[in-house]
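>>> I would like to see how this sequence folds:
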Amino acid sequence: MTDETRRAVEAILMVADSPVDPHLLAQVTETAPVVMEQLLAEMAAAYETEQRGFVLVKVAGGYRFQSHPELTGYVERFVLEGQSARLSSAALETLAIVAYKQPISRAQVASIRGVNVDGVIRTLEQRGYIGEIARDPGPGQAVLFGTTSQFLERLGLGSLEDLPPIAAFVPGADVVEALEVGLRAEPDDLRVEPDLQAEPDQPTEPGADEPAEG
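Numbers count the residues shown, from 1 in each chain. Sure thing, here's the model as predicted:
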């Protein structure tokens, strides 16, 4: 492996706007794929050892440079507040639904969220986070949405299998039961025991039940 190949890989990754497939790097540099994978691993280890401000990572099936996680604070300070448009909470909720339930239609997303999602879906499409991946075979052939490679890239994931289990965000059965009990509970002062509702026995006047004398 020559230094020129290493430099060529660095130059390509520097100008690439998305993760680069190692097989493409091997093809461009006329290097065997297995050798290229080894080179990329060595480069990533070397950058970490040298404590560079960037790291070489594998995401979305390819390699790219990104800032070192330990320097996130400096990077955030550099980016002007409000310069980059952030996704709203509604957009993030919709994106999470698509990520975990894909392929999913617009109507299904709306049913889960309980609101119209046309605008949010359009925004996520424009940002490149979701896209049409299939058509529902049923009546109307609704568009089915799924996440894109850019979604994986932005989250630093190799594949959808790297998403955290959705169970981690769902409360346990004991928590749900406790909430239900709390919602059904009545104040103690509103509860009346059955025996307290009965009318007390009325005292009987002397001789009231005795037969009259003839």
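>>> C-alpha from now on. contacts and neighbour counts both.
Will do.
>>> Please report how far Glu50 lies from Tyr100.
38 Å (Cα to Cα, to the nearest Å).
>>> Look at the two and report which has more neighbours.
Shown here are Glu50 and Tyr100; by other Cα atoms under 10 Å, Tyr100 has more neighbours (16 against 8).
>>> what's the spacing between the more buried one and Ala134?
16 Å.
>>> outside of the longest helix that the chain contains, which residues touch it?
Taking DSSP state H as the criterion, the chain has its longest helix at helix 33-49. Outside of helix 33-49, the residues within contact range by Cα atoms under 8 Å, 6 or more residues apart in numbering are Arg6, Pro22, His23, Leu25, Ala26, Gln27, Phe54, Val55, Leu56, Val57.
>>> Okay, and which of those map to helices?
Among the contacts of helix 33-49, the residues falling in helices (DSSP H) are Arg6, Pro22, His23, Leu25, Ala26, Gln27.
>>> In PyMOL, select just the buried ones from those residues.
Remark: buried members of the ones in helices among the contacts of helix 33-49, expressed as a PyMOL selection using 16 or more other Cα atoms under 10 Å:
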select buried, resi 22+23+25+26
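>>> Which pair of the ones in helices among the contacts of helix 33-49 spans the longest distance?
Arg6 and His23 (14.8 Å; Cα to Cα).
>>> Using just helix, strand and coil, how would you label Phe145?
Here Phe145 is recorded as strand under DSSP: H, G, I helix; E, B strand; the rest coil.
>>> That one and Pro33, how far apart?
Counting by Cα to Cα, the separation of Phe145 from Pro33 is 33 Å.
>>> Looking at those two now, which is surrounded by more residues?
More neighbours surround Phe145 than the other of Phe145 and Pro33, with 23 against 15 (other Cα under 10 Å).
>>> so where do the strands sit in the chain?
Listed in chain order, the strands of the chain (DSSP state E) span 54-59, 62-67, 104-105, 130-135, 143-147.
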